[in-house]
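> here is my input; please provide its structure:
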Amino acid sequence: MKLTRRQLASMLTAASALAQGSSQTPAQPSTPEALLQAARDEVQANAARLASQAVPMNVEPAFEFKA
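All right, here's what the predicted structure looks like:
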């Protein structure tokens, strides 16, 4: 299956929108420490979801290095 970087980006955007829409939003933490921990947990969950996606080696990056 060949994917362009735009197709991959649109798939990831759609997947994250579905995941956010289907999950129930927990109550907002009341303390700054709880808010920080909730943000860290969300980042770790997103990283795990991204790591589970298989991306072929021939997919172009969304940036290029110029000297």
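> rest of the way, CA atoms for contacts and neighbours
OK.
> kindly check the end-to-end length of stretch 19-31 for me.
Across stretch 19-31, the terminal residues are separated by 26 Å (C-alpha to C-alpha, to the nearest Å).
> residue 20 sits in which helix or strand?
According to DSSP states H and E, residue 20 maps onto helix 5-22.
> chain center to that helix: distance?
Its chain's C-alpha centre and that of helix 5-22 lie 8 Å apart, by C-alpha atoms, centre = their mean, to the nearest Å.
> name the residues that touch it?
59-62 (C-alpha atoms under 8 Å, 6 or more residues apart in numbering).
> in strands only, show me those residues.
Judged by DSSP state E, strands contain none of those.
> buried subset of those?
If you count burial by 16 or more other C-alpha atoms under 10 Å, none of the contacts of helix 5-22 comes out as buried.
> output the residues you listed in JSON lines; the columns should cover distance to residue 40 and pLDDT.
Output for the contacts of helix 5-22, formatted as JSON lines (distance: C-alpha to C-alpha, whole Å; pLDDT from 0 to 100):
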{"residue": "59", "distance to residue 40": "29", "pLDDT": "81"}
{"residue": "60", "distance to residue 40": "29", "pLDDT": "75"}
{"residue": "61", "distance to residue 40": "26", "pLDDT": "74"}
{"residue": "62", "distance to residue 40": "25", "pLDDT": "75"}
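> want to throw those into a markdown table with distance to residue 30?
Shown next, in a markdown table, are the contacts of helix 5-22 (distance: C-alpha to C-alpha, whole Å):
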| residue | distance to residue 30 |
| --- | --- |
| 59 | 42 |
| 60 | 42 |
| 61 | 39 |
| 62 | 38 |
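> looking at these, spot the one nearest residue 2.
Comparing the contacts of helix 5-22 against residue 2 with C-alpha to C-alpha places residue 59 closest, at 8.2 Å.
> hmm, that closest one is touching residue 4, no?
Yes: in this structure residue 59 lies within contact range of residue 4 using C-alpha atoms under 8 Å: 6.4 Å.
> point to the residue nearest the middle of this structure.
By C-alpha atoms, centre = their mean, the chain has its centre lying nearest to residue 46, at 4.7 Å.
> tell me which element it falls in.
helix 32-51.
> report the angle between that helix and helix 5-22.
Using axes from the mean of the first three to the mean of the last three C-alpha atoms, to 10 degrees, the direction of helix 32-51 lies 130 degrees away from that of helix 5-22.
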